[in-house]
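predicted model and sequence below, questions to follow.
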Number of protein chains: 6
Amino acid sequence: MNALVATNRNFRLAARLLGLDSKLERSLLIPFREIKVECTIPKDDGTLASFVGFRVQHDNARGPMKGGIRYHPEVDPDEVNALAQLMTWKTAVANIPYGGAKGGIGCNPSDLSISELERLTRVFTQKIHDLIGVHTDVPAPDMGTGPQTMAWILDEYSKFHGYSPAVVTGKPIDLGGSLGRDAATGRGVLFATEALLNEHGKTVSGQRFVIQGFGNVGSWAAQLISENGGKVVAVSDISGAIKNSKGIDIPALLKHVKETRGVKGFHGADSIDPKSILVKDCDVLIPAALGGVINRENANEIKAKFIIEAANHPTDPEADEVSLIN
Amino acid sequence: MNALVATNRNFRLAARLLGLDSKLERSLLIPFREIKVECTIPKDDGTLASFVGFRVQHDNARGPMKGGIRYHPEVDPDEVNALAQLMTWKTAVANIPYGGAKGGIGCNPSDLSISELERLTRVFTQKIHDLIGVHTDVPAPDMGTGPQTMAWILDEYSKFHGYSPAVVTGKPIDLGGSLGRDAATGRGVLFATEALLNEHGKTVSGQRFVIQGFGNVGSWAAQLISENGGKVVAVSDISGAIKNSKGIDIPALLKHVKETRGVKGFHGADSIDPKSILVKDCDVLIPAALGGVINRENANEIKAKFIIEAANHPTDPEADEVSLIN
Amino acid sequence: MNALVATNRNFRLAARLLGLDSKLERSLLIPFREIKVECTIPKDDGTLASFVGFRVQHDNARGPMKGGIRYHPEVDPDEVNALAQLMTWKTAVANIPYGGAKGGIGCNPSDLSISELERLTRVFTQKIHDLIGVHTDVPAPDMGTGPQTMAWILDEYSKFHGYSPAVVTGKPIDLGGSLGRDAATGRGVLFATEALLNEHGKTVSGQRFVIQGFGNVGSWAAQLISENGGKVVAVSDISGAIKNSKGIDIPALLKHVKETRGVKGFHGADSIDPKSILVKDCDVLIPAALGGVINRENANEIKAKFIIEAANHPTDPEADEVSLIN
Amino acid sequence: MNALVATNRNFRLAARLLGLDSKLERSLLIPFREIKVECTIPKDDGTLASFVGFRVQHDNARGPMKGGIRYHPEVDPDEVNALAQLMTWKTAVANIPYGGAKGGIGCNPSDLSISELERLTRVFTQKIHDLIGVHTDVPAPDMGTGPQTMAWILDEYSKFHGYSPAVVTGKPIDLGGSLGRDAATGRGVLFATEALLNEHGKTVSGQRFVIQGFGNVGSWAAQLISENGGKVVAVSDISGAIKNSKGIDIPALLKHVKETRGVKGFHGADSIDPKSILVKDCDVLIPAALGGVINRENANEIKAKFIIEAANHPTDPEADEVSLIN
Amino acid sequence: MNALVATNRNFRLAARLLGLDSKLERSLLIPFREIKVECTIPKDDGTLASFVGFRVQHDNARGPMKGGIRYHPEVDPDEVNALAQLMTWKTAVANIPYGGAKGGIGCNPSDLSISELERLTRVFTQKIHDLIGVHTDVPAPDMGTGPQTMAWILDEYSKFHGYSPAVVTGKPIDLGGSLGRDAATGRGVLFATEALLNEHGKTVSGQRFVIQGFGNVGSWAAQLISENGGKVVAVSDISGAIKNSKGIDIPALLKHVKETRGVKGFHGADSIDPKSILVKDCDVLIPAALGGVINRENANEIKAKFIIEAANHPTDPEADEVSLIN
Amino acid sequence: MNALVATNRNFRLAARLLGLDSKLERSLLIPFREIKVECTIPKDDGTLASFVGFRVQHDNARGPMKGGIRYHPEVDPDEVNALAQLMTWKTAVANIPYGGAKGGIGCNPSDLSISELERLTRVFTQKIHDLIGVHTDVPAPDMGTGPQTMAWILDEYSKFHGYSPAVVTGKPIDLGGSLGRDAATGRGVLFATEALLNEHGKTVSGQRFVIQGFGNVGSWAAQLISENGGKVVAVSDISGAIKNSKGIDIPALLKHVKETRGVKGFHGADSIDPKSILVKDCDVLIPAALGGVINRENANEIKAKFIIEAANHPTDPEADEVSLIN
């Protein structure tokens, strides 16, 4: 089941619960605007390369649309569409005056030089500049993009529309970016965890955590949980998985990851099978990598008392019938 | 085989004949920009209705993109995409400094009141106004749209960008439309017919014509062919088909059609089975209605010595292997 | 004596007291800019209707001009002109950096459907959009208009000038309107009343109030005065007049008015002749309806010790010679 | 009877003859937009002076509005309104794609220095610049204004909107003005005279002309009529009136007027009572000064066989019942 | 040695200390943009006068460029260039997000009437308006200019770009200028003095000050130092120099200067030779007039223990080898 | 004597002959606007390089300013200034409605790759885009630049101002360039030659020509002169000089130059000393390379009867006293 089908199904379930008029339901499912553009750039070796970029703008009823731009070889119109819709619901649930959007370019950023990435980003911006804007749609970094990408978008956008730093968020601090933005998603994970535990009469302090994924979100979550007294007993990333039932020394692990680009080989913990990370014994499991990792096959084996969804839709929609939370 | 697959296949065949670099071939197949928008309007009865509109901009290397906007219940992204690409090749072959585009809204214009059509057109224009323009992309009327539609687009576009009559063609004469535009496609059919016959040592005068379709294109073609001495022996439209081997009196038929909205029942000709029109005996067959009408089944039964393709791709691509022209 | 003559006379008196240079006096009397536009719309039944709209911009020396837009069958250029001038003096006296303006359309809003009102407002906005703006002239609601009217103006204005929420005040909260705006004029009446009573060694608490008019201004004034301990002994509106010398239960009256659209028939008070309301015995009389209600005929019969002018110029200028305040 | 009442009455008569729908008639009587602005300038002596400027835009259904701007001490809103309406009918009757407008400033240009006139024109332009424009409303010179005035308007307008030479007509040749514009109105008088005489089997050559008024229109008319063989037997202007039944030497008179600023004292003719000019014996009488000169009192005494109306409405509307043309 | 040579030499010394890459050093020496314009205005007597205006924009890497506009007969491109560069270093050292610029017009403002100054300022603004702006380059007052000059620039700039109060600083309070701006430079001198004295275990209170120059900077510095307990023992300006070893009564002196336009003749102090002011015995010497006043000739005679540089580069660069500070 | 001094001297001589008012003379000597910008680009090897670009706009009294942009290592502000002034006189003498401008970048285009030249041109355009424009200043190709350079300027300019093909001339035909532009300067040489010879009762046919310089100007002049019957007996370029007293076969020489990039080694002519070319015996000498080649030293040795100045100021101004033309 693809991401869009799953997202639409979830929305329809919610619409039914809300007793939404069917015409309004249909209108909310159709995105406000979808755009697909060809971006052709000269590569450093002089040959041409064409990439396809997307921007899906789902809904602007509550304010300017907001959502990331990802650079990934498997960016897919349906997934972008689903994520744009989810941004609408997220901003609405958080009651901030924004709508939802999402975009991306089908490319492997690690195969492109910095100057190729700059050219690609500028060409993409030239093709969509009239559809984004401070009051319209405000891009942000996402998988494969970051502050530098936002700086390029801002610079190219400003050629057409005058200097407009508010056209992107997640830009470098020196260009007006927000302090604390780097840690923001991880800090949100901490807040959600605290809220959930408080509801059950517990606090972060003293709980045992397993964190799947150690990128921007997972590593900041680990650091903040650890600073708040939580014990991180296992983490994994693309390089491998490690555990230490006494609690991993997160500052030391961060240093190790900075040097080696992965958690693998960290001296203060034991290596374990990455596949076992989700079913590891713990109080709180935080999937912070790809979506759909919890599914029919492994749902019943999960031992965590609480699951905090840090990744977008970590639970496979097909597994919905299964009772997931112990 | 859908229209896009067929169009892409034809382009690839041409690219191979031209020895086109494969990167360039790929780049020419990917459209410059595709846009899909939701258009929600209040209907006259106060309920909401949502429609999906498209604009595909295929290529602007040779100049501003150009192509119609159609209102039809079965407007399909792939077909719009194919037609946009064909516009690029048409403007290039005719060596006029334009690129190719096409658009449409999925709606049945005959189910909508004039004021609903106006609201729908204005909302669609509001969603795409930043992507069209005198130097960018210039819409034109197509199936289900006409001068009035262009006038609405022009008026709404001008609110955002200042008065810009050149942003659409096919507008009313009073707003700066071109004289003769009405007859232009039909006159092009006459020119193509003359050129083909001249190559075979013949002229329009004295030839027997069968015209399938009697809309704007077919009726003007009939009128101009008749004025140039051609004998139109059979015509058809959605109401039925008629024949008169001595030649149909076209001015009289035009009057009849204006009054009854169809060729059926015209006194100066006999009614025939509409299915037989393509295989009627004649010198020149002019399909001027939908695409794909000539196919494996009927190709071998066609008796015309010449076929003039007035419709977009009237020949079913699957029938390509069949030898079509006698 | 019409409103403009009276306003000009008052200004000339003030100018004389200030020793104003006669050229400057003349320049201050001539409005900065007056505009009159024809607004033709299709009515719901398909027929055309023409209305005349006005905007008078009196003076921008102290900042952007500010003033309401009223929809009323008897909107009159001279009255609009007078009210625009009064806005200049009001903003100057309150020392806020704005000038004065006023506008309106000659129409009966209760004779028009919501969609006719929307069309009328949009056409009016199209005709004046270049003359208003964040730094130029900022409309607000007035008689017969409200937040929805401002939302239409904002939307239509933004088509021409980009999204500009600050171009109108009094817009819906969701579009950036100010909290508390609804009660603001009534709260100002309370503040003025408190200030006047304090000067005379009294407070609102314990005083007996008569309020003529129970629209937005009068009803909020009654509610706030009542919350501050004042006793509202009589109120009137277009439906009739009521009194209760023990003090009317304002929350109950508000509920009654919401249900029946008038004060008439309220169970907690006795019906009285609406003409008698101004001369009712009380401590404070608050005229909060039309202008000119206090005149030569009734001035000497007023029994209130204090009059708070909540309406624009409630005192008939011709009655100036009469000693009004007891 | 003022100019607006007369113009409206004439329009209503025409509307009745055309069987115009009463709503459309009403809509055509109400101007599209009327604007009145205060223009305060420092005079050369440092004191302030305030002037009131007008622009009435009557109708733009057929194209951008067009009409002069006059500087005259008695510019009156009603007259400007009437003249704007007449511009709509004139452009429509001549079938050129323009609507009608008119404007002016209440000032005596001969009391102002060149630099005061420049300041006044620039301030007026600043107040109306957003309402005029190439596609909206295109001013032209009129009484008391000329190419220099248009050059100031163009320069000030261009500060706000970019260089736009087409925003005014009647500008200096060096700024893109049209050759022959100077003589255009006088040449139109010649054309009208020729057409009228031809209808009666006559030509200009040999006819005797009396021309009341010797400004731009009258002097060019005299020159062109004289070049075409007409005999100008009497002319008048503000300085006096002259006659020569053998025909006045127009080139010599033009030289005299250039030197002395009036026709009075011209050696090649005799002085006559200016009041008698209209009733002088001649074939063609051309009133080319103010309106309303032909009225109940003098209509029956006019001896000319033909009257060519070079002034705007030279015939007093009250005199309509009188049979004017012999 | 001219100002630019000296400034460049200082920058090169700093670059060497910082180990700056030579290409970057070269790039930082070349200004971002230099502009020189001819400003021709009619003088009050009707004759033409031409002036040359400059704007040098040195560097915008850290934000919009910022710097004064001076009107002085000896404005010199090289000095403007040097001062623009110094603005870059000043804003960088103070770590505020601005770059550096400077401009001026070669004219003697005391030879021009107010209306000539207005015309000159407006023409200069017309020539540079596209190069300045809120996000680009923000002028400020400097020698020979002030709030009125900024108001003219703002007004003329706004004609071209819409109302933009942030395009200049130092504008009148009523147009959005900042409170305290008048005293700001003098207050900065106080802050610098306090910081220097504190470093040496002293405070302003009780120190003896000599202030050379009594314009905006010197007089405010004197007033603030005096308010903080400092004893100002000598001051000078263009009118002369005065001393009072018991401390000059600054409020009284300010009153005297307001009345007589100079310090000369102040009753509460003795007149001294202006040349002697720099070498007067004191604790702190504050040169607050022209640059280069401390040089090889007088450096060794200075008796002050501390020198606070209130003027731009008061120390002659040629005197660098001399040990200046006791 | 540098180019600016010489140009100013010539202008002053002309001004004296015309009896020009001294204020107007001064005003015409001062350029309207001069701009100098830093252009820093990354080179292909990743290092930074800074270049200085100029644009001098001399006078726009007669229309938009017009003049080339040259890329040359020795572009000098004074020479650019002089050439801008000469453009004003050229357009005025030819009576076309343009003013004069000139610009350039100090760089050696042969040291830069195509992509470095593109980056440099785009950065230069970004720094001056607000000062050029269709109605303001229209660049053209010059030494070291060509249609490709203009295409880059047009593309970058259009990002900021919308698509504006008229902002440069000399652009590629496909982007709207003019047919015949390539040969235009050479054809002008032919026209001037024809006019001069006709004045002396001669024609091009049969005359013997020496052409110094064989770039765009010299080679087209040679070709057109040869087509008109002139005999080109000697030519030179940077590679060397050749002669053939029977007349050089120009089409063959053009082919040779295309292949070898120089006239040297052409089989149909003899090699001569390049220094002797100017003093070669002939009827018409055409210097078509750098300025100042004819000077005190060689002026008396020139044997040509006529000199046609195809280069800008080929005659050394210091040599003015010498009688140059035989």
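Yes, it's here.

state the distance from A:His135 to chain D.
22 Å (CB to the nearest CB, to the nearest Å). To be clear about C-beta, it is placed using only N, CA and C from the backbone, and glycine gets the same treatment.

for the residue nearest to that residue when sequence neighbours are not counted, grab the count of nearby residues.
Excluding its sequence neighbours, the residue lying closest to A:His135 (CB to CB, 6 or more residues apart in numbering or on different chains) is C:Tyr163, at 3.8 Å. Look at C:Tyr163: counted by other CB atoms under 10 Å in any protein chain shown, it has 15 neighbours.

SS state for A:Ile69?
Following DSSP: H, G, I helix; E, B strand; the rest coil, we place A:Ile69 in the strand state.

any idea how far the residue nearest to it when sequence neighbours are not counted is from A:Met87?
In space, and not counting its chain neighbours, A:Ile69 is closest to A:Gly103: 4.5 Å by CB to CB, 6+ apart. Distance, A:Gly103 to A:Met87, using CB to CB, to the nearest Å: 11 Å.

would you mind listing what in the stretch 51-200 of chain A touches chain E?
Neighbours of chain E within the stretch 51-200 of chain A, by CB under 8 Å from any CB of the partner chain: A:162-163.

who touches the residue in the stretch 51-200 of chain A that chain B sits nearest to in this structure?
The minimum distance from the stretch 51-200 of chain A to chain B, using CB to the nearest CB, falls at A:Asp130 (3.5 Å). Each residue near A:Asp130 by CB atoms under 8 Å, 6 or more residues apart in numbering or on different chains is listed here: A:160, B:130-131.

with A:Leu20 instead?
Taking CB under 8 Å, 6+ apart, we find A:Leu20 in contact with A:Leu28.

do A:Lys127 as well
Applying CB under 8 Å, 6+ apart, the residues near A:Lys127 are A:37-39, A:53, B:32-33.

how about a cut-off of 7 Å?
Going by CB atoms under 7 Å, 6 or more residues apart in numbering or on different chains, A:Lys127 touches A:37, A:39, A:53, B:33.

the residue nearest to A:Ile69 pairs with what?
A:Arg55, A:Ile69 (DSSP bridges).

and it, how many neighbours?
For A:Gly103, the neighbour count with other CB under 10 Å is 29.

how far away is the residue of the stretch 51-200 of chain A found nearest chain F from chain E?
Here the stretch 51-200 of chain A gets closest to chain F at one residue, A:Lys159, 4.6 Å apart by CB to the nearest CB. A:Lys159 is 13 Å from chain E, where distance means CB to the nearest CB.

does that residue count as helix, strand or coil?
On the basis of three-state DSSP, A:Lys159 is classed as helix.

for chain A, which residues are neighbours of chain C?
Neighbours of chain C within chain A, by CB under 7 Å from any CB of the partner chain: A:His135.

please parse chain A into its domains.
A:1-30, A:31-179, A:182-325 (automatic domain parsing).

could you list the contact residues of the stretch 151-300 of chain A toward chain F?
So far as CB under 7 Å from any CB goes, the stretch 151-300 of chain A lies against chain F at A:159-160.

quick check, A:Cys282 in a strand?
No - read with three-state DSSP, A:Cys282 is coil and lies in no strand.

scan chain A for its longest helix.
helix A:181-199 (DSSP state H).

what pairs with the helix or strand just after that helix, parallel or antiparallel?
As assigned by DSSP states H and E, the chain's next helix or strand after helix A:181-199 is strand A:208-212. Based on DSSP bridges, the pairing partners of strand A:208-212 within the sheet are strand A:231-237 (parallel), strand A:284-287 (parallel).

format the ones you listed as a markdown table; extra columns: mean neighbour count and mean pLDDT.
Shown next, in a markdown table, are the strands paired with strand A:208-212 (neighbours: other CB atoms under 10 Å in any protein chain shown; pLDDT from 0 to 100):
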| stretch | mean neighbour count | mean pLDDT |
| --- | --- | --- |
| strand A:231-237 | 25 | 96 |
| strand A:284-287 | 25 | 96 |
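
the residue at the greatest distance from the centre of chain A: what secondary structure?
Most distant residue from the mean C-alpha position of chain A: A:Gly46, 34.1 Å away (CA atoms, centre = their mean). Here A:Gly46 takes the coil state, with states given by three-state DSSP.

and the residue of chain A nearest chain E?
A:Tyr163 (3.8 Å).

quick check: that residue touching E:His135?
Yes - counting by CB atoms under 7 Å, A:Tyr163 touches E:His135, with 3.8 Å between them.

centre of the chain versus stretch A:171-187, how much separation?
15 Å (CA atoms, centre = their mean, to the nearest Å).

do I have it right that A:Arg26 meets B:Ser50?
Yes - with contact defined as CB under 7 Å, A:Arg26 reaches B:Ser50; the gap is 5.9 Å.

which neighbours do those two share?
Common neighbours of A:Arg26 and B:Ser50 (CB under 7 Å, 6+ apart) do not exist.
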